[in-house]
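Colleague: show me the folded form of this:
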Amino acid sequence: MTGTVNDIAKQANQGSVAAIIQVLNEKLADSGVRTRAIFADGVLQILCEAATAEQLEPSELIGQIRHTLEAIAPRNIRRVNINSRIVREQQLLWLDEISRDPENQLLWSQEITLNKPNILRHMLNEWQQHAALRKPNLPTRSAVQQRERHQFWRGLVGGASASLLLLLGGWALYSWLGAPKPQAVAPTPSPSAATPEPALVQSPSAQVSPVSKQDEFAIAVRLAQQASQEGLTAQSQAQWLELAARWQRASDLMAGVPPADDRYQTAQDRVVAYRKNKELALEKANQQQATQPSASEPSPETTLEASPDNAPAPSP
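Modeller: From the prediction side, this is the model:
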């Protein structure tokens, strides 16, 4: 159990949105508040839901979320937007819903900026937490056992030090005695050697082969085809998070198609479609974390939004 908690905390520190949601839900469980989150445009969007407005009092809830996130210190996350509303049915695109009509969807919304973590203090706190979790599981050692343990480590360190000294002494002795090094005899230059043969002279341009730039449109199409195919069989949270990353990568590549390209308008349409598929994949990952469905149960929402990328990729 301890290993699972440490693994989730490590994933949250590395910036995993699903792990951050799990940590927040554990911290807010006593207050009856459930959270969902999406990382979009450099901001961690958090949705807090509860049965009553009193449970979503901003003065206390914002402080709890700030304290928890600063303790986690997630990488590359500094801006956090906290949204709250009365709990309602599941919405796959809840961020679009609250962005479209925030007055009717939300009780309140507040953006905060996390303080930069103190690296030394964070490492010390993490070490103290791990030590506190391990301490109750350690059996009490008697004075004899502790003395034997100290003697064991003392002998181990002494043996390693003696081996190191022997190795250094042997190396020094070998360097001092040292086998005679053969001296290189400079060949007598001949008149013909003074001038290099033309066949051996190469210009720098001839040694470097040009590297053609890959077609971003074609690469994005291939990524989208792979993500669409794998979305038919994805089950675990990790698989859905990986699919979300692929859809994001495909969207970024499509956004990089220049306006001079004949496929520019098609690329812009697919940027929107790929981002929607990314949000669907993130939502599926959140659902997997919250409900933990069995692998044998079919899910009617497993298939992501269809895109025209099932067709063969165009040539660069």
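
Colleague: which SS class is residue 112?
Modeller: Secondary structure, DSSP: H, G, I helix; E, B strand; the rest coil: residue 112 is strand.

Colleague: dig out what it forms beta bridges with.
Modeller: Beta-bridge pairing for residue 112 (DSSP bridges): residue 80.

Colleague: show me the contacts for it.
Modeller: Taking C-beta atoms under 8 Å, 6 or more residues apart in numbering as the criterion, residue 112 is in contact with 62, 65-66, 79-82. Just so you know, the C-beta spots here come from the backbone N, C-alpha and C atoms, and that holds for glycine as well.

Colleague: now do the same for it: its pLDDT.
Modeller: Listed pLDDT for residue 112 reads 87.

Colleague: distance of it from residue 70?
Modeller: Separation of residue 112 from residue 70 (C-beta to C-beta, to the nearest Å): 10 Å.

Colleague: chain neighbours aside, what residue packs nearest to residue 246?
Modeller: Among residues not flanking residue 246 along the chain, residue 227 sits closest, at 4.3 Å (C-beta to C-beta, 6 or more residues apart in numbering).

Colleague: next helix or strand past the strand or helix carrying that neighbour?
Modeller: Per DSSP states H and E, residue 227 falls inside helix 216-230. Of the helices and strands lying after helix 216-230 in sequence (DSSP H and E), the nearest is helix 237-255.

Colleague: would you put the C-alpha positions of that following helix in PDB?
Modeller: C-alpha atoms of helix 237-255 as PDB (Å, rounded to 0.1, in the frame of the first residue of the first chain):
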ATOM      1  CA  GLN A 237      -5.700   4.700 -17.600                       C
ATOM      2  CA  ALA A 238      -2.100   4.600 -18.900                       C
ATOM      3  CA  GLN A 239      -3.300   3.700 -22.400                       C
ATOM      4  CA  TRP A 240      -5.800   6.600 -22.500                       C
ATOM      5  CA  LEU A 241      -3.100   9.000 -21.300                       C
ATOM      6  CA  GLU A 242      -0.800   7.800 -24.000                       C
ATOM      7  CA  LEU A 243      -3.500   8.300 -26.600                       C
ATOM      8  CA  ALA A 244      -4.200  11.800 -25.400                       C
ATOM      9  CA  ALA A 245      -0.500  12.600 -25.800                       C
ATOM     10  CA  ARG A 246      -0.600  11.300 -29.400                       C
ATOM     11  CA  TRP A 247      -3.600  13.400 -30.300                       C
ATOM     12  CA  GLN A 248      -1.900  16.500 -28.800                       C
ATOM     13  CA  ARG A 249       1.200  15.800 -30.900                       C
ATOM     14  CA  ALA A 250      -0.800  15.300 -34.000                       C
ATOM     15  CA  SER A 251      -2.700  18.600 -33.400                       C
ATOM     16  CA  ASP A 252       0.600  20.500 -32.800                       C
ATOM     17  CA  LEU A 253       2.000  19.100 -36.100                       C
ATOM     18  CA  MET A 254      -1.200  20.100 -38.000                       C
ATOM     19  CA  ALA A 255      -1.000  23.600 -36.500                       C
END
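
Colleague: if you average pLDDT over that helix, what comes out?
Modeller: For helix 237-255, the mean per-residue pLDDT is 91.

Colleague: helix or strand next in line after it, which one?
Modeller: helix 264-291.

Colleague: what is that following helix packed up against?
Modeller: helix 17-27, strand 34-40, helix 216-230, helix 237-255 (3 or more C-beta pairs under 8 Å, 6 or more residues apart in numbering; DSSP states H and E).

Colleague: swap the cut-off to 10 Å and go again
Modeller: helix 17-27, strand 34-40, helix 94-100, helix 216-230, helix 237-255 (3 or more C-beta pairs under 10 Å, 6 or more residues apart in numbering; DSSP states H and E).

Colleague: tell me which residues of the first one are tucked away?
Modeller: Using 16 or more other C-beta atoms under 10 Å as the burial criterion, the residues of helix 17-27 that qualify are 17-24, 27.

Colleague: same list (the residues you listed) but as CSV, adding distance to residue 106.
Modeller: Supplementary listing: those in CSV, determined by distance: C-beta to C-beta, whole Å:
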residue, distance to residue 106
17, 20
18, 23
19, 25
20, 20
21, 19
22, 23
23, 23
24, 18
27, 22
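
Colleague: just the residues you listed now: which is nearest residue 289?
Modeller: When the buried residues of helix 17-27 are ranked by distance to residue 289 (C-beta to C-beta), residue 18 comes first, at 5.0 Å.

Colleague: pass me the low-pLDDT residue ranges in this protein, would you?
Modeller: Applying pLDDT under 70 to the chain flags residues 1-3, 90-92, 117-118, 121-122, 124-126, 128-141, 178-214, 292-316.
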